[in-house]
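> Quick one, structure for this:
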Amino acid sequence: MDHFSTIIGHSPALDSLIRSAKIVAATDVTVLIKGETGTGKEILATAIQQASSRANKPFITLNCAALPESLIESELFGHKKGSFTGANTDKQGLFQAADHGTLFLDEINSLPLSIQGKILRFLESGECLAVGGIKPYKVDIRIISATNTDLNQQIEAGQFRSDLYFRLNVVPLELPNLSDRPEDIVSLIKHFSMLTEHTHGLTAPKFSKATLKVLKAYSWPGNIRELRNVCERLGILLAGRIIEPENLPLEFTSKRCTTAAATTKLMLPEKGLELDAIEADLILQALDRTKGNRSKSARLLGISRDTLLYRMQKHNLAMAY
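Below is the predicted model:
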């Protein structure tokens, strides 16, 4: 059984990622999944767990941004009776609940610094300490974590521990943005349309060639999650019909107008210009505007992330960001 079949697409970037993920799944190594919101980090983490030797053991997920700082330590490590107001009984934490299994820490970039130290202690010694406890306990857990931000920038800002980053980043897997793999959009549309058809008992709509062209050109700031929502909306409101560009939500019309304005012809000066210098300057402007986020910079420039990296090397800009 191919546990990675839940990840739809066959673009080169995605195929390369899945090959690496399958290798990683066969080991017990700590994995850090990187990618913007909506790229499918939890789906990838689940596929890795299902393909691992721990597949039949507990798999527990926690969105680190979903809990207030006052609760997250108790949620992760448990607490002892009387350790704080309202602690009327001993409570088992997620680390104990996931013993011999896998713990997926999503949005680990949101962890408070005080909790980061406790995660680091576990990764180094296998030991945890419950809130109010005096004797540490040991658990056997594989950690898979995910982040939607650049942890290096958070380290520089003093918001994330560099020693924890190095322990988490043993094997990094970076999910590409949807805009970097437009060749997968048709397959994803078919997949989400069929899901809507089965879920709601409606006939899936068909997408015209003109509509698919618009969808492939769109920047998809919400990535796969945004595409899924669009497919579900159209599948319900326009079930059984042919989707034309005018049937798409307003943001697609706005995007086409913006693109048309951006592609207005520029006048070449009579004395000519230095194209390489202009290209390098535009790349630096994009990187400055996105605070060094290369995926967002590539979208601003209308190129793929791989193309951006190539051109950064070409202009000796790789060390600047």
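> which residues of the protein fall in strands?
Under the criterion DSSP state E, the chain carries strands at the ranges 31-34, 59-63, 102-106, 127-128, 137-138, 142-147, 171-174, 206-207, 242-243.
> any chance of those strands in TSV, with mean neighbour count and mean pLDDT too?
Glycine gets a C-beta too; all of them are placed from N, C-alpha and C. Shown next, in TSV, are those (neighbours: other CB atoms under 10 Å; pLDDT from 0 to 100):
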stretch	mean neighbour count	mean pLDDT
strand 31-34	24	97
strand 59-63	17	96
strand 102-106	23	97
strand 127-128	18	94
strand 137-138	14	94
strand 142-147	25	97
strand 171-174	16	96
strand 206-207	18	96
strand 242-243	17	96
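> between those, which one is nearest to residue 251?
Comparing the strands of the chain against residue 251 with CB to CB, the closest turns out to be strand 242-243 (15.1 Å).
> residues in contact with the closest one?
By CB atoms under 8 Å, 6 or more residues apart in numbering, the residues outside strand 242-243 that reach it are 205-208, 211, 234.
> Next: stretch 51-62.
The set of residues external to stretch 51-62 that reach it, using CB under 8 Å, 6+ apart, is 3-4, 22, 25-26, 28, 42, 45-46, 49, 75-76, 94, 97-106, 142.
> can you give me the end-to-end distance of it?
Looking at stretch 51-62, the gap from its leading to its trailing residue is 20 Å under the measure CA to CA, to the nearest Å.
> now do stretch 71-89
One end of stretch 71-89 sits 15 Å from the other (CA to CA).
> One more: stretch 291-305?
The first and final residues of stretch 291-305 sit 15 Å from each other (CA to CA).
> for stretch 179-193, same thing?
Between the opening and closing residues of stretch 179-193 lies a distance of 19 Å (CA to CA).
> repeat for stretch 281-298
Start-to-end span of stretch 281-298 (CA to CA) is 14 Å.
> buried ones in it?
Taking 16 or more other CB atoms under 10 Å as the neighbour-count basis, stretch 281-298 is seen to contain the buried residues 283-284, 286-287, 290, 293-298.
> Closest one to residue 155 out of those, please.
Compare each of those with residue 155 using CB to CB and the shortest gap goes to residue 293, at 15.1 Å.
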